[in-house]
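Visitor: with the sequence up front, the predicted model follows.
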Amino acid sequence: MSEPLEQSENGPSWESLPHDPEAFFELQPGFVRRDLKRSYSKLIRVYKPERHPEQFQRIRAAYEQLDSQLRYGKAAAKPQAEDWVRPRAQPSDESKQVESVPSDPGDTLSPAQRLTSRVLAESPKKLYDEISERANKSPYDFYSLAVLSDLLKPRKPLRFSRWLVKGIAAHTFDPSLLHLLREDLARAAPLDALPELLVQCAQAVPRDDFYALTEPAWERLLRVLPFAQFMKLLENCEQHLRDISIAYRVTFMMRVLRYAVWSDNNVMEQQEWIEAAFQFVEENFQSIPAQLEMELELLVAVGNYAKVREDFLNGNPLRAQMDAALKSYMTSEQALSDQAVLEVQLAMLADPQAVLEAIPSEEDQAVVAFYSAWAWATADVADRYGAKQGEADARLWSDRLSSVIESCHGRAAKNSAMVAYSMRAIAVTIATQLACIIGIVVVGFLIVLSVDAMGPSALEEYGGWLMLAMLGVVVGGAVFMVRLHRKQHAKRRTSSRKQRLDRFLYSTIYRQDILGFIQHSQVSFYVVRDYLSKERYYEKQEHLDAMRMVVRDFGLAFYSLALPFQT
Amino acid sequence: MSEATTTAQPGDEKLRKYLTFMLGANPQVESERIVSRRMKALKIAAEIAPELKQVQALQEGLQETLAKLEELRRGVWTEPAERMRGELSAIDIVAHPHLEPVVARLGTLLKHRQALAAVAVGNATADTEFITHFREVLSAAPQLRSELRERAVSAFTDRKLRKAGRRTLKRLQQEVPEICELETEWIASLKKQKTKWFQGTSKPLSQMLVTRETWFDKAVYYFWTAVKWMFMAYIIFVILGVIIAIITGAKK
């Protein structure tokens, strides 16, 4: 049994709930969703569901309320107070409240007070029958019918929800019933009855509020329902909606897409639906609240990844773990997703070689797509985890990095594969140039022979022309040799053999050493990359090729993302 | 339904309390409590993922443990050793195995910190500044530790500092080898460090790695290329001249 909320010492200000969730979460004016998530995360770590189930639910409800307000704006905002029940001074202390009910209920009593006093003396069945027979039921009547129906038909808890829906159908803008129904759909309404209830909700609330009202229920369904069924159900519900504004549908669709992107890529109909939903969201980007702009960027990144997800999941266990963590980040409870992301980061820190193995240095579109989404998730979780990476002192590390790179250049030059390749290249160059020289000499010789064949007088007569021809041959030959040399050089650089050698040298020398540097220095990969990606040329072309591979190495980038989680 | 049973009578205390609360509650501001109360009464289980409880327990423990480790790091040289040891042994490394190396490291420091202090106090030749720095390296968090190590490596390019530091290191390795084993790699790099004669004028990384392409570089490159090819052309021309001379000489 949990302790009474107000007895928690040094805890949050429970008295702020439910009126002032911002104060409860200690949020400053102008707070953003990240602040809310951070504060929520702190609280639920303290008020765990098994030890403090009541507190946990209150925190979660307050979080969902604020989150919904941020996402939907006024549609999900706290409604204005209504007087079907007199506000109580201490809502948690029921006994005091009972005593506070006047013994002589007159006209000044609220409907709630009147009914409460009657229910203590009369049969619930009688009250239920009496209220249900009323021609014009008030919102409170519907609420009391919902409460009393549980007493009369406890095995049919759906009646509670149905009375609320009926009440909303009759009093379509009643904030009390809307609020209660949202909470009921989010937590208590039976899962298998949700499809039916959602259709009834769409009929009762055929406007914007439908999305904010039912979003938690859709999330419950999306976790268990096959996506095809979800699509049909949503279509069915939306048929009843009239006069909906784009902003609410965009917000709703963004939430749905967090789940939808993970559906089967091979089912054309589903993919078309997802494509259309993305298109709808992107076309109406201007309508979404500012709070959701970052979420949209994440969603687009995840959507891009989802298209190449099968390529990313190539059987490597670490990749599978990363994918599962990202999926959890998008679709699970915050605590679960944080743990999943954290576990991946710790696994990366424990075995950096596994990261390099999972993410080879070759460019891979699937890896690039995954990285964009993963960087978002990691930054978000690191923020809640309190994992920070301070600014690296670039001047301190520049000498070290410099020596690492120079050592790499030196070792690469001495590597047997590189030596063999260089020797071969030199031999080919010498042979080619020798052949050219011999060719020039032979051509010159032939010219001389030809002139000579014409007789001695020809040599005297055409001596000047002969010298000019010889000069032409030499210059032409030289130009030819230069061009040939350059062509050969360029061809060698782009040859598959050279590229294989580059990759080999990079993965065995540069990559390992730079990983070692990052491990040793705790300097972010981005700092290293910034040094190496500036527009300068290196003393040797091989150096430039290697540096280009460093700046595109996502394996190092993934490892670097895990560094803030180092303890 | 435990509180509001079908056969419940108005006199039933639990039912009375339940109805009083439910019918008197205001859903505008208490919807969460109404639903929670109803779920409890109807025994509707909350949809909480089974692993959530375990995960939350882990996370709570982890946050507490990280805070505790930070506290231990800060106090490892100053706080009472017995208390620190007690707090260290209370850390649940079974639940958080990735913290085991940190716990082991702090345990070693606590065990040998007296001996380390004795090196500083008992040796007139010991470089106390280096020992202070060494202690900071030993107890700092990873990123700071890396920076402190590198600063020492950098400082060891100064002959005086290196000499005093190496002497102290030697003493430390004799007196507290267990602590030195925690920083084997760093100590090795300190020992390998040499004087950097031109330290004051050493180029920044960007210039050490690369050469800027200036107009002068380009001019030099094209000049030497032209010289190389002119020389080759001259050689070829000479060869051909010799051939012509031989042929014409033979004719005459």
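Guide: It's in.
Visitor: isn't residue A:522 right up against residue B:149?
Guide: No - using C-beta atoms under 8 Å as the test, residue A:522 is too far from residue B:149 to be in contact (10.3 Å). For every residue, glycine as well, the C-beta is placed using N, CA and C.
Visitor: excluding its backbone neighbours, what's nearest residue A:333?
Guide: Distances taken as C-beta to C-beta, 6 or more residues apart in numbering or on different chains put residue B:52 closest to residue A:333, at 5.7 Å, once the chain neighbours are dropped.
Visitor: same question for residue A:285.
Guide: Nearest in space to residue A:285, with sequence neighbours left out and distances taken as C-beta to C-beta, 6+ apart, is residue A:296 at 6.9 Å.
Visitor: quick one: secondary structure of that neighbour?
Guide: helix (DSSP: H, G, I helix; E, B strand; the rest coil).
Visitor: what strand or helix carries residue 130?
Guide: Just going to use chain A. helix A:124-132 (DSSP states H and E).
Visitor: hm, I was asking about chain B
Guide: helix B:128-139.
Visitor: elements contacting that helix?
Guide: helix B:100-122, helix B:142-155, helix B:159-175 (3 or more C-beta pairs under 8 Å, 6 or more residues apart in numbering or on different chains; DSSP states H and E).
Visitor: show me what the first one packs onto, helices and strands only.
Guide: Contact partners of helix B:100-122 among helices and strands, from 3+ C-beta pairs under 8 Å, 6+ apart: helix B:50-75, helix B:81-89, helix B:128-139, helix B:159-175, helix B:177-180.
Visitor: residue ranges in the stretch 201-350 of chain A under the pLDDT threshold?
Guide: A:243 (pLDDT under 70).
Visitor: in it, what residue lies closest to chain B?
Guide: residue A:339 (4.4 Å; C-beta to the nearest C-beta).
Visitor: ok, that residue touching residue B:60?
Guide: No - under the criterion of C-beta under 8 Å, residue A:339 makes no contact with residue B:60, lying 11.3 Å away.
Visitor: pLDDT below threshold where in the stretch 401-550 of chain A?
Guide: In the stretch 401-550 of chain A (pLDDT under 70), the answer is A:456, A:458-459, A:533-542.
Visitor: can you show me the helices along it?
Guide: Ranges of helices within the stretch 401-550 of chain A are A:416-453, A:456-494, A:496-505, A:511-521, A:525-532, A:541-551, based on DSSP state H, counting those that start in this stretch.
Visitor: returning to that earlier point: for the helices and strands packed on helix B:128-139, give me TSV that also has mean neighbour count.
Guide: As requested, the helices and strands packed on helix B:128-139 are exported to TSV (neighbours: other C-beta atoms under 10 Å in any protein chain shown):
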stretch	mean neighbour count
helix B:100-122	16
helix B:142-155	18
helix B:159-175	16
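Visitor: do you know which of those helices lies nearest residue A:442?
Guide: Closest approach to residue A:442 among the helices and strands packed on helix B:128-139 (C-beta to C-beta): helix B:142-155, 62.2 Å.
Visitor: would you map out the domains in the chain?
Guide: In the absence of a named chain, chain A is used. Domain assignment for chain A, taken from automatic domain parsing, gives A:5-76, A:308-388, A:416-555.
Visitor: oops, wrong one, chain B.
Guide: B:13-47, B:51-197.
Visitor: with mean pLDDT and distance to residue A:527 added, can I get the helices and strands packed on helix B:128-139 in TSV?
Guide: Converted to TSV, the helices and strands packed on helix B:128-139 look like this (pLDDT from 0 to 100; distance: least, C-beta to C-beta, whole Å):
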stretch	mean pLDDT	distance to residue A:527
helix B:100-122	89	25
helix B:142-155	89	12
helix B:159-175	89	27
